[in-house]
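**Student:** need coordinates for the following:
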Amino acid sequence: MQDPERYERVRNNSSTKITVEVYVPKILNTMTWKTGENLLDYGSGAGSTGYNWVLPKVEECNSHMYSVDVSPKMLAYAKQHFPHDRITYGLGNILDWDGLEFPFRNVKFDKIIAINVFHFIRHMRTALAGLHRILKPGGQIGFTIALADCCIFQAFTELAESESWKNYMRDYRRFYPQWSEFPKGEEHKAMTELMESCGFKVVQMEFILRSYQFDTIEDFLDLSLSLNPCIDNIPKSLHGALKEDIRKIYTRNAGIPRDSKQIDFQYRFIWGVVEKAMVGKRANRFSLERSFSY
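**Tutor:** The predicted structure is shown next:
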């Protein structure tokens with residue numbers, strides 16, 4: 001996410017907030033909590049999810065939350081709008097451990113929360129290896145993921161391959177979650193095997209086919225713009241044209257008129273909690289590359 005104000009405005013005025021309101025409490029209630037823990041809000045974005053939904057649990061357990069994001073804009077917005085003594089903000093990327101870009105390298109975490117983050121990561125095994133490194137034995141990760149066939153990701157892929165936008169969105173393949181192109185009906189099995197192969201035990205995981213209805217298609221288009229990881233490469237003078245091309249893709253794929261005022265869409269979604277295997281009890285490793293690209 002590169003446009004925090006747009007994202008917060010649209011998210012709070014559309015049904016997308018249900019993901020947070022329903023599934024973050026499920027994740028927190030599934031986790032095992034103690035006092036004095038360190039929690040990482042990984043991919044904290046504009047900061048509202050961690051502040052409004054995770055921080056109360058952190059305070060209850062007399063713990064501390066570290067919030068990290070790769071976007072300077074998102075981090076600046078979070079620091080300004082959601083400051084708190086129990087939150088330490090940092091700019092960085094777990095995928096660039098060797099480049100020393102992760103700001104909390106010396107902290108061992110008891111909990112990691114990753115809400116709507118993993119579907120912006122192309123190399124999932126690298127990310128899980130980094131999270132495994134900083135998580136204490138027995139530590140837990142709670143997450144939500146939209147799978148790769150989500151219409152937003154498919155629209156971004158089409159734009160990145162188009163003559164009009166490929167020069168601006170040539171980096172999108174770095175973000176496209178190809179690893180989650182799970183065959184329908186095998187989502188739970190494939191995700192479980194991926195987690196176990198990376199040293200995690202599944203505590204709880206649920207696959208859901210989600211349906212969203214946006215009050216206006218304009219909200220959906222604005223949300224899509226705010227989620228575009230390449231938006232900073234596109235001049236603001238072209239944002240209107242980009243928005244119209246996204247409208248064309250969405251309405252065509254949905255089979256509705258281009259001037260439609262509302263839009264409904266479905267996508268495959270997984271939420272879950274996994275636990276780092278205790279020392280001496282690490283899960284068996286699997287080789288899944290023959291079936292899936294992670």
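**Student:** please make it C-alpha for all contacts and neighbour counts, starting now.
**Tutor:** Fine.
**Student:** and Ile152, what does it touch?
**Tutor:** Ile152 makes contact with Ser224 under the criterion Cα atoms under 8 Å, 6 or more residues apart in numbering.
**Student:** where in the protein is pLDDT low?
**Tutor:** Scanning the chain for pLDDT under 70 picks out 1-2, 9-16, 96-100, 279-294.
**Student:** regarding the protein, what is its longest helix?
**Tutor:** helix 239-254 (DSSP state H).
**Student:** what comes up buried for it?
**Tutor:** Neighbour-count burial for helix 239-254 flags Leu242, Lys243, Asp245, Ile246, Arg247, Lys248, Ile249, Tyr250, Thr251 (criterion: 16 or more other Cα atoms under 10 Å).
**Student:** now the residue most central in space within the chain. Nearest residue, chain neighbours left out?
**Tutor:** Nearest to the mean C-alpha position of the chain, counting by Cα atoms, centre = their mean, stands Val117 at 1.4 Å. Among residues not flanking Val117 along the chain, Gly43 sits closest, at 5.9 Å (Cα to Cα, 6 or more residues apart in numbering).
**Student:** distance of the one you found from Ser260?
**Tutor:** 33 Å (Cα to Cα, to the nearest Å).
**Student:** tell me which of the two has more neighbours.
**Tutor:** Gly43 (27 against 12; other Cα atoms under 10 Å).
**Student:** quick one, phi/psi of that one?
**Tutor:** phi 70, psi 50 (degrees, to the nearest 10).
**Student:** how close does it get to Leu223?
**Tutor:** Counting by Cα to Cα, the gap from Gly43 to Leu223 is 17 Å.
**Student:** ok, Ala241 next?
**Tutor:** In terms of Cα to Cα, Ala241 sits 15 Å off from Leu223.
**Student:** could you do His239 as well?
**Tutor:** 13 Å.
**Student:** what's the answer for Ala46, then?
**Tutor:** 14 Å.
**Student:** do the same with Leu147
**Tutor:** 17 Å.
**Student:** and Glu206, by the same measure?
**Tutor:** Distance from Glu206 to Leu223, by Cα to Cα: 25 Å.
**Student:** and the strands in the stretch 51-200 of the chain?
**Tutor:** Remark: strands assigned in the stretch 51-200 of the chain by DSSP state E, counting those that start in this stretch are 64-69, 87-91, 109-115, 135-146, 200-214.
**Student:** tabulate those strands (TSV), appending distance to Glu193.
**Tutor:** TSV is the format used below for the strands of the stretch 51-200 of the chain (distance: least, Cα to Cα, whole Å):
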stretch	distance to Glu193
strand 64-69	27
strand 87-91	31
strand 109-115	19
strand 135-146	16
strand 200-214	9
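**Student:** may I see those strands organised as CSV, with mean neighbour count added?
**Tutor:** Below are those laid out as CSV (neighbours: other Cα atoms under 10 Å):
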stretch, mean neighbour count
strand 64-69, 24
strand 87-91, 20
strand 109-115, 23
strand 135-146, 23
strand 200-214, 16
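**Student:** which one of the ones you listed lies closest to Pro177?
**Tutor:** Closest approach to Pro177 among those (Cα to Cα): strand 135-146, 9.2 Å.
**Student:** run the chain-centre distance for the closest one.
**Tutor:** Relative to the centre of its chain, strand 135-146 is centred 13 Å away, using Cα atoms, centre = their mean, to the nearest Å.
**Student:** higher neighbour count, Ala46 and Leu223?
**Tutor:** Ala46 (27 against 22).
**Student:** ok, the closest residue to Lys79 other than its chain neighbours - contacts?
**Tutor:** Among residues not flanking Lys79 along the chain, Tyr89 sits closest, at 7.0 Å (Cα to Cα, 6+ apart). Residues near Tyr89 by Cα under 8 Å, 6+ apart: Tyr66, Ser67, Val68, Leu75, Lys79.
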